[in-house]
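Asker: Give the three-dimensional model of this entry:
(2 chains)
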Amino acid sequence: DAKTTQPTSMDCAEGRAANLPCNHSTISGNEYVYWYRQIHSQGPQYIIHGLKNNETNEMASLIITEDRKSSTLILPHATLRDTAVYYCIVRVRYGTASKLTFGTGTRLQVTL
Amino acid sequence: EAGVAQSPRYKIIEKRQSVAFWCNPISGHATLYWYQQILGQGPKLLIQFQNNGVVDDSQLPKDRFSAERLKGVDSTLKIQPAKLEDSAVYLCASSLGVSLGYNEQFFGPGTRLTVL
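Answerer: Take a look at the predicted model:
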């Protein structure tokens, strides 16, 4: 499985953009990058995913480098409710199935 | 839309006892997953069902863990007998199915198991 590397923790001031980096240098051409987050005592929540192009939805933006070896999740205006563990995952397909392998993620602390 | 339901939310048992967890996925979701999340770690996939068939159970400790998904809807995960190292949060997730380029999983709140 393609491995991902994320910083253990990050801080961000409320109202500022939070930029969470992820390295996935062994990603294959048809593997997608997924981002989930997990707020304390809750199950993980899907944020966004992408293959090659940059993606944006109501929650965040995903910037993938041209060589696809790294990506950045951007929360444009972080709030206290965005404090969570953020997981960057490379989705692996095998046959008709696929699997998400979670690492330890980045703990984002949003402060006043 | 109703989310993924799990019960119980908390369970405390002694080692060597048995325990079962229940999951009701989102209506219409063909794929169901059970994850184990040990404190401080990310979720680890234990088993994946597509309808009522097992797609991947490579990380399920089959000597003590079992899971079933009768009729392709609800699922139960059982541990028998439990060990101290089974203390964790057990998460159930579901997704519509596998289609090219999309696999959003919806997670339930989890069951926190403490083995004494």
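
Asker: so the residue lying closest to residue A:30 once chain neighbours are set aside bridges to which residues?
Answerer: Among residues not flanking residue A:30 along the chain, residue A:93 sits closest, at 7.2 Å (CB to CB, 6 or more residues apart in numbering or on different chains). The C-beta positions use only the backbone N, C-alpha and C, and glycine is treated the same way. Residue A:93 has these beta-bridge partners by DSSP bridges: residue A:98.

Asker: Residue A:93 reaches residue A:51, doesn't it?
Answerer: No - taking CB atoms under 8 Å as the definition, residue A:93 is not a contact partner of residue A:51, at 12.0 Å.

Asker: separation between the residue nearest in space to the middle of chain B and residue A:58?
Answerer: Centroid-nearest residue in chain B: residue B:34, 2.5 Å away (criterion: CA atoms, centre = their mean). In this view, residue B:34 and residue A:58 are 29 Å apart by CB to CB, to the nearest Å.

Asker: got it, and residue A:30?
Answerer: For residue A:30, the distance to residue A:58 - CB to CB - is 27 Å.

Asker: Among the two, which residue is more densely surrounded?
Answerer: The residue with more neighbours, out of residue A:30 and residue A:58, is residue A:30; 10 against 5, by other CB atoms under 10 Å in any protein chain shown.

Asker: quick one: pLDDT of that one?
Answerer: With respect to pLDDT, residue A:30 has a value of 82.

Asker: Name the SS class of it, please.
Answerer: Here residue A:30 is recorded as coil under DSSP: H, G, I helix; E, B strand; the rest coil.

Asker: which bits of chain B sit near chain A?
Answerer: Residues of chain B lying close to chain A by CB under 8 Å from any CB of the partner chain are B:4, B:35, B:40-45, B:48, B:50, B:55-56, B:91, B:93, B:98, B:101-110.

Asker: And these, which of them are buried?
Answerer: Burial by neighbour count, judged by 16 or more other CB atoms under 10 Å in any protein chain shown, picks out B:4, B:35, B:42-43, B:45, B:48, B:50, B:55-56, B:91, B:93, B:98, B:103, B:105-110 from the residues of chain B next to chain A.

Asker: Sitting in strands, which of the residues you listed do you find?
Answerer: With DSSP state E as the criterion, strands contain B:35, B:45, B:48, B:50, B:55-56, B:91, B:93, B:106-107 from among these.

Asker: Quick one: list the elements packing against the least confident helix or strand in chain B by mean pLDDT.
Answerer: Ranked by mean pLDDT, DSSP states H and E, the weakest helix or strand in chain B is strand B:53-56, scoring a mean of 90. Packing partners of strand B:53-56 (3 or more CB pairs under 8 Å, 6 or more residues apart in numbering or on different chains; DSSP states H and E): strand A:97-99, strand B:44-50.
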